[in-house]
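**Q** okay, sequence plus prediction incoming.
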Amino acid sequence: MELPRMVKVKQRFKNEKIEDIKSHLTQELKQRLPEIKPSASIAITVGSRGITNRVLIVKTLVEYLKELGAKPFIIGAMGSHGGGTEEGQLDVLHSLGFNEKTIGCPIRTSSKAIEVGETRNGFKLYCDEYAWHSDGIIVINRVKLHTAFRGMNESGLLKMITVGLGKSKGANQLHRQGPPNMSQTVQEVGTSFLNTGKVLAGIAIVENSFDDTALLEVLKPEDIMLREREMLLKAKEYFPQVPMEELDLLVVKVMGKNYSGTGMDTNVLGRTKIFGVPEPETPSYRRVAVLDLHEASHGNATGIGLADFTTERLYLKIDKKKTYLNCLTSTYVQRAMIPMVMETEKDVIYTAIESLAVDDSSQIRIALIENTLNLEELYLTENLLQEATGQVEIISPPKALTFSDKGEINL
């Protein structure tokens, strides 16, 4: 089988970013954080996403609160991630760089969410037990496109309140509504929780196409819903994509929860795998292959079902308990289904191409990406370059797609 040559390219993205995170956030806190009483216990939400600069952001907040005489602590706010256990959540936080010594405050994880109210339409308000018994909560999250639903509010502070603080109970309640109703549910549950007065402020983050912090704002509770909507529009402008709407094969080198809640971002793949929900018209990739699972995902291979082919190496890393819990909680069980498993990366590529049943394999349209979060640099087959003119810069000459003795891609 003749394989097409690959070219490494660099996409042209906007690079607006905040240069001095600590100084910027400190000014935001001075201007917008309400008065904090001395000795007040303040819960800070930290989820399972690998957000750039989040350790610095949280540490700056902790230091600021301690200067005011408050007693901040971190809570694990991640729905059913980390296997839904206290130990699993702590492992996730440690893997993301959060520990008591470096952050300077206690870390408390709990699998227990207590019911603290109800919305006008009967949705329950759930909250992490440690957070609810604090003197106030500061919610931190990145504002971005969600991987399952669309609406005026998607991933952000309101979702962190609904699912992060709500634990498995909150996640189950949200996902039972189905994608068409999830944005509205996030708005209702989130704003109702804000009305309890327990949330002191939100810290909203928007990252640019290079995953650098582009926007970082401290929001008063009453401003969260509307400002989050504006920030979501900005996040959409920054959202990186593969520069081709149609491919025969997309190869993802590594997946994981540290890249996306679904392991691979559905907006990049053009696949959602939600029963009863039509797949997006674009992008349209005939085959998707994923080669490895990042260690920071702790065996959670949620989203593996989005792929058609994978390697034995990835398959052996899957923690079924964690993966199944995540997909059962979301109700999107198709995302846990195992694709065809091939022994090596070479086997994956050749089998994927064979499955396309084309006459000339040298004309196959392939893109190879590191993961679905970092898309600045990627590999494209030569036949895609003219189509991508104006969008990318060529940074390496064409190179044959070859493999090592162990069947690993040489590029």
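**A** That came through, no problem.
**Q** what comes up buried for stretch 300-308?
**A** Applying a neighbour-count criterion of 16 or more other C-beta atoms under 10 Å, one finds 300-308 buried in stretch 300-308. Using the backbone N, CA and C atoms, a C-beta is placed for each residue, glycine as well.
**Q** Throw these into TSV and include secondary structure and distance to Lys320, thanks.
**A** TSV is the format used below for those (DSSP: H, G, I helix; E, B strand; the rest coil; distance: C-beta to C-beta, whole Å):
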residue	secondary structure	distance to Lys320
Asn300	coil	10
Ala301	coil	9
Thr302	coil	11
Gly303	coil	14
Ile304	helix	11
Gly305	helix	13
Leu306	helix	17
Ala307	coil	17
Asp308	coil	20
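**Q** give me the phi and psi for Ile36.
**A** Main-chain dihedrals, Ile36, degrees, to the nearest 10: phi -110, psi 130.
**Q** show me what contacts it?
**A** Ile36 sits next to 42, 65, 68-70, 136, 200 when contact means C-beta atoms under 8 Å, 6 or more residues apart in numbering.
**Q** list only buried entries from the residues you listed.
**A** Buried among the contacts of Ile36 by 16+ other C-beta under 10 Å: 42, 65, 68, 70, 136, 200.
**Q** can I get those in CSV with secondary structure and pLDDT?
**A** Below are those laid out as CSV (DSSP: H, G, I helix; E, B strand; the rest coil; pLDDT from 0 to 100):
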residue, secondary structure, pLDDT
Ile42, strand, 98
Leu65, helix, 98
Leu68, coil, 96
Ala70, coil, 98
Gly136, strand, 98
Leu200, strand, 98
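**Q** for the protein, what are the low-confidence residue spans?
**A** 80-82, 84, 389 (pLDDT under 70).
**Q** how about Cys105, what does it touch?
**A** 44, 62, 66, 71-74.
**Q** and it, how close does it get to Lys236?
**A** In this structure, Cys105 and Lys236 are 34 Å apart, going by C-beta to C-beta, to the nearest Å.
**Q** the residue lying closest to Asp360 once chain neighbours are set aside: how many residues sit nearby?
**A** Once flanking residues are discounted, Asp360 sits nearest to Glu2: 7.9 Å by C-beta to C-beta, 6 or more residues apart in numbering. Per other C-beta atoms under 10 Å, the neighbour tally for Glu2 reads 9.
**Q** isn't Glu2 right up against Ser362?
**A** Yes. Glu2 is within contact range of Ser362, at 4.4 Å (criterion: C-beta atoms under 8 Å).
**Q** need the max-distance pair from the contacts of Ile36.
**A** Pairwise distances across the contacts of Ile36 (C-beta to C-beta) peak at 14.8 Å, for the pair Gly69 and Leu200.
**Q** of the contacts of Ile36, closest to Leu293?
**A** For the contacts of Ile36, the nearest to Leu293 is Ile42 (35.3 Å; C-beta to C-beta).
**Q** for that closest one, which non-adjacent residue is spatially closest?
**A** Leaving aside its chain neighbours, Ile42 sits nearest to Pro72 (4.6 Å; criterion: C-beta to C-beta, 6+ apart).
**Q** assumed the one you found was part of a helix.
**A** No. Counting by DSSP: H, G, I helix; E, B strand; the rest coil, Pro72 is not found in a helix; it is strand.
**Q** where's it relative to Leu90, distance?
**A** 17 Å.
**Q** who's more crowded, those two?
**A** Pro72 (25 against 17).
**Q** list the residues that contact the more buried one.
**A** Contacts of Pro72 (C-beta under 8 Å, 6+ apart): 41-44, 61-62, 65-66, 105.
**Q** and Asp248, by the same measure?
**A** Contacts of Asp248 by C-beta under 8 Å, 6+ apart are 285-287, 353, 356, 358, 364-366.
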